[in-house]
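Enquirer: Predicted model and sequence below, questions to follow.
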Amino acid sequence: MNRPKIAVFFGTRPEAIKMAPIVTALASDDRFELMSVSTGQHREMLDQVVEIFQIPVHHDLEVMTPGQTLASLSSKLMTKIDALLEQETPDFALVQGDTTTVLMASLACFYRRIATGHVEAGLRTGNLASPFPEEANRVLATPLSTLHFAPT
């Protein structure tokens, strides 16, 4: 039986907290193959949550470096996520929130024609500059996503 491979991306503490129950459910459901991906966007805070919730991490992209710009982070995320998608070929991806990880994972999946579900971070402000860059990240991820989920 071919099980659909579901990639779950997270890179920050809030993303891991919100995705923990989803990862746990997918890991325990024989109908799916889980591919859990940590980008490491917020390394120390993220590692604490991964440990507390016992989130399995199948791939750790380790993208964080001190003093990097949003552009360099975005570039690194796109390159590493795209290479992983080429290697692993998931059938579907899930992202949560409004971070650079969410935007780059959504875009990389879009380029590879992998359907993506976006779990919203919360209320939209309608102002791309506030909060920055989070509002722009979530607004840009929306048209790239196939399915849209409420934050709660």
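Expert: Thanks, I have it.

Enquirer: what's the following helix or strand after the helix or strand bottoming out on mean pLDDT in the chain?
Expert: In the chain, no helix or strand scores lower on mean pLDDT, DSSP states H and E than helix 43-53, which sits at a mean of 91. Per DSSP states H and E, the first helix or strand lying C-terminal to helix 43-53 is strand 59-60.

Enquirer: show me where this structure has helices.
Expert: With DSSP state H as the criterion, the chain has helices at 13-27, 43-53, 70-88, 100-111, 134-141.

Enquirer: how about the first one: buried residues?
Expert: Residues of helix 13-27 classed as buried under the neighbour-count rule (16 or more other CB atoms under 10 Å) are 13-20, 22-23, 26. No exception for glycine: its C-beta is placed from N, CA and C like everyone else's.

Enquirer: Mind giving me the packing neighbours of that helix?
Expert: Secondary-structure packing of helix 13-27 (3 or more CB pairs under 8 Å, 6 or more residues apart in numbering; DSSP states H and E): strand 5-10, strand 33-38, helix 43-53, strand 92-96, strand 115-119.

Enquirer: Any idea how far apart the tips of stretch 37-47 sit?
Expert: End-to-end distance of stretch 37-47 (CA to CA, to the nearest Å): 13 Å.

Enquirer: low pLDDT regions in this protein?
Expert: Residue ranges of the chain with pLDDT under 70: 1.
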